[in-house]
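Trainee: Provided below are the primary sequence and the corresponding predicted coordinates.
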Amino acid sequence: MIECALKLFSYEKLFSHLVNLDKSYKLPSNILLQGQEGIGKTTFALHFINYLFSKNENTKYILPENKINPDNKSHNLVTNLSHPNFYLIKKNSGKKNIEIEQIRNMFFFLNKSSFNNDKKIILIDGVEDLNISSSNSLLKSLEDASDKNLFLLTHNINKPILDTINSRCLTYKMNFDYFKLENILEQYFGIKVYNKLHYDFKSIIISPKFLINHINFLQEYNIDLEALDIKNLLKFIVDNKLYKTDDFILNNFQSYIEIYFTKMYYQTKNNKYYETFLNIVDENNLINKFNLDIESFFIKFEKKYLNV
């Protein structure tokens with residue numbers, strides 16, 4: 001199942017641009033959405049997919065408010081991965097890459113007849129996760145572009161992809177308006193929550209996706225939003241070994257470390273904190289790559305950097 005907010009909180013101009021391309025029959029077959037992690041690339045893609053699928057339905061996508069009708073049949077089918085004209089490719093849980101078998105399965109999908117003779121849409125969420133074999137396999141489909149199919153690709157711009165994939169797509173660079181962050185959190189949680197956050201999580205640029213998950217994490221463990229600064233939050237995570245039991249922490253601990261060392265740098269203007277952060281990132285990446293002892297990493301991190 002895919003989660004998707006019913007309201008698109010940003011990128012109104014880009015969305016309107018793609019709608020106009022579609023209305024004028026100029027929509028390209030391969031679209032690449034590039035931007036930082038957690039700024040809403042996937043949500044944007046799912047909203048545009050719903051716009052396309054719902055055009056001939058009674059509960060159409062709501063323009064210009066950029067909202068999905070909660071009663072829309074296509075939306076429910078897409079989020080449950082059961083729409084006959086929709087195919088999702090993303091890195092499977094526990095895997096390091098999108099594997100070539102996933103691309104081969106996509107070929108079977110493309111070779112099937114389209115339901116109602118409508119456009120088929122393939123969403124590749126995280127094209128940076130393709131390995132060389134799966135990237136090269138995908139290229140043929142991108143080269144054989146057809147107006148019967150639409151490829152939507154999202155790309156975390158901090159990670160490389162093949163130039164040949166980039167060159168075969170119409171690329172849109174998405175830049176999030178961080179002045180809208182407070183409103184996004186309010187609309188998501190239904191209350192004014194941004195001002196309740198500890199200053200450490202408001203003093204640097206953090207993606208809306210990370211902040212939403214961070215707030216959900218604090219609420220799950222009954223932690224007051226203002227109670228812990230970044231250092232004490234890290235100690236709470238390590239002392240309770242949440243890196244073993246909480247997927248959000250396991251996947252985002254590096255972001256918390258970045259916030260911690262960014263704070264230390266701002267306080268001291270000492271470049272050693274930036275260099276230390278890079279060294280820790282390298283060590284953490286090696287642990288993930290070679291399945292090394294993660295508990296030793298966190299014990300050493302606490303002893304060396306938090307108990308000071």
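Mentor: Happy to help now that I have it.
Trainee: what's the neighbour count on the nearest residue to residue 4 once chain neighbours are set aside?
Mentor: Leaving aside its chain neighbours, residue 4 sits nearest to residue 46 (4.5 Å; criterion: C-beta to C-beta, 6 or more residues apart in numbering). No exception for glycine: its C-beta is placed from N, CA and C like everyone else's. Using other C-beta atoms under 10 Å, the number of residues around residue 46 comes to 25.
Trainee: Check which helices and strands the helix or strand harbouring residue 46 is in contact with.
Mentor: Element membership of residue 46 [criterion: DSSP states H and E] is helix 41-53. Contact here means 3 or more C-beta pairs under 8 Å, 6 or more residues apart in numbering; DSSP states H and E; on that basis helix 41-53 packs against helix 12-23, strand 30-35, helix 73-79, strand 120-125, strand 149-156.
Trainee: and of the ones you listed, who's closest to residue 94?
Mentor: strand 120-125 (16.4 Å; C-beta to C-beta).
Trainee: circling back to that earlier point, most tightly packed of the helices and strands packed on helix 41-53?
Mentor: strand 149-156 (a mean of 23; mean count of other C-beta atoms under 10 Å).
Trainee: what about that strand, average pLDDT?
Mentor: Mean pLDDT, computed over strand 149-156, is 97.
Trainee: could you point out which element follows that strand?
Mentor: Moving toward the C-terminus from strand 149-156, the next element (DSSP H and E) is helix 163-167.
Trainee: tell me which residues of that following helix are tucked away?
Mentor: By 16 or more other C-beta atoms under 10 Å, the buried positions in helix 163-167 come out as residue 165.
Trainee: Identify the residue spatially nearest to residue 174, adjacent ones excluded.
Mentor: residue 35 (3.7 Å).
Trainee: what's the distance between that neighbour and residue 128?
Mentor: Relative to residue 128, residue 35 is positioned 12 Å away (C-beta to C-beta, to the nearest Å).
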